[in-house]
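Chemist: Predicted coordinates and the sequence they were generated for:
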Amino acid sequence: MDVSKMNPIAVSLKVAMICIVALFVRIEGLANLPISLANSSKTASCAAPENRQFDFWVGDWDSFYVDSPAIQVARTRVDLILDGCVLQEDYEGANGLRGQSFTVYDASRNVWHQSWVTNRGQLLVIEGKLKLGEMLLSGVDHAANGESLVRGTWKPADGGVRETAVTSTDGGKTWNPWFDLLFRPHTELAKSNAAVAGNARNIPIHDDQKIVAELDTQYQAAVKKNDAATMDRLLADDFVLVTGFGKAYTKADLVNDARGGHVVYEHQEDTAQTVRVWGNTAVVTAKLWEKGTDNGKSFDYTVWFSDTYVRTLAGWRYVFGQSSLPLPHTP
């Protein structure tokens, strides 16, 4: 187009319009620039290799105790949130315990920090570093008797993740086992659970008998050692025990007694154990010998008992117990 032949006013208007359009383009570009820079900053803020050290824990997991691989303890989901800067854990225990933890790498101090909270008002704060391929975090459990030191270790294992925790009540001089968990991909167990829930009648009864017999033996061993954690894991939340004297105990009663440690057992073994399975219910009958001291007072007696277990999607749970009066002493 020959601009020289155009009306001067039209030329001026056209030039002005071109300048306005150019100005808008420039303003829009400037407006978008900080957003792009901000996004880049967010991405870069947690892109350091240290921020990715704990990514092996991210996943949808089913949790099991290492020494009881047939018993599911919880469903655990670990997700990367906040632009990949934070690991969020969502824990749903088979015993009703629910909790969440938030784990972040604090670059200013070169440490990993984790805060854990539960639906039972528990709080645990632990910190540490990756050492030899294992994430090691430790702290103080103020809710425990006195102040107990806690140390947790996470490491890749068997296609999943293994988390081991120990505690110390003497300032770290000695350490006692707390729990030992194995996280397996949820898709694995989902098939197993479907088989248990939908095809329970097709599972060989003798397999269930072995599992329930082992669980009941584990429970008696936990009582003998005042192992409150194992008792809490095996007992259903609405568990009830009725003794031959007519007294009833709840799960909280038994677990708190174990934590108190006022009963010291010399013997807590059963004999003549029989397991009967009817679908999703199993009853254990056995003769139990208990001997020890309760607040320093000696006891020594034998009772017959019946323990009822119910199959759930998380495995068998001990729901009801009943014992006889002490049997007459025999030579």
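Modeler: Yep, that arrived.
Chemist: Going by C-alpha atoms from here, please, whenever you check contacts or count neighbours.
Modeler: OK.
Chemist: This protein - how does it break down into domains?
Modeler: The record, using automatic domain parsing to delimit domains, assigns the chain the ranges 51-190, 203-323.
Chemist: Tabulate the ones you listed (TSV), appending mean pLDDT.
Modeler: Shown next, in TSV, are the domains of the chain (pLDDT from 0 to 100):
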stretch	mean pLDDT
domain 51-190	89
domain 203-323	86
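Chemist: For these, please prepare CSV with the additional fields mean neighbour count and distance to S45.
Modeler: Output for the domains of the chain, formatted as CSV (neighbours: other CA atoms under 10 Å; distance: least, CA to CA, whole Å):
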stretch, mean neighbour count, distance to S45
domain 51-190, 17, 8
domain 203-323, 17, 40
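Chemist: chain center to the helix or strand containing V277, what's the gap?
Modeler: Taking DSSP states H and E as the definition, V277 sits inside strand 263-278. Chain-centre distance of strand 263-278: 28 Å, with CA atoms, centre = their mean, to the nearest Å.
Chemist: Same question for stretch 258-276.
Modeler: How far stretch 258-276 lies from its chain's middle: 27 Å, per CA atoms, centre = their mean.
Chemist: From the centroid of the chain, which residue is nearest?
Modeler: For the chain, the residue whose C-alpha lies nearest the mean C-alpha position (CA atoms, centre = their mean) is Y91; its distance is 5.1 Å.
Chemist: picking that back up, of the domains of the chain, which is nearest H329?
Modeler: Closest to H329 of the domains of the chain is domain 203-323 (CA to CA; 7.6 Å).
Chemist: Look up the closest residue to the residue nearest to the centre of the chain, ignoring the ones flanking it.
Modeler: Counting by CA to CA, 6 or more residues apart in numbering, the nearest residue to Y91 once its immediate chain neighbours are dropped is T76, at 4.6 Å.
Chemist: That neighbour contacts W61, doesn't it?
Modeler: Yes: proximity of T76 to W61 meets the contact threshold set by CA atoms under 8 Å, at 5.0 Å.
Chemist: who touches the helix or strand where the residue nearest to the centre of the chain lies?
Modeler: Taking DSSP H and E as the criterion, Y91 maps to strand 86-93. Strand 86-93 is contacted by residues 58, 73-81, 97-105 when judged by CA atoms under 8 Å, 6 or more residues apart in numbering.
Chemist: Likewise for stretch 117-135?
Modeler: By CA under 8 Å, 6+ apart, the surrounding residues in contact with stretch 117-135 are 53-54, 97-101, 110-116, 136-143, 150-151, 153-156.
Chemist: How about stretch 75-84?
Modeler: Here stretch 75-84 makes contact (CA under 8 Å, 6+ apart) with 42-43, 46, 57-63, 86-93, 186.
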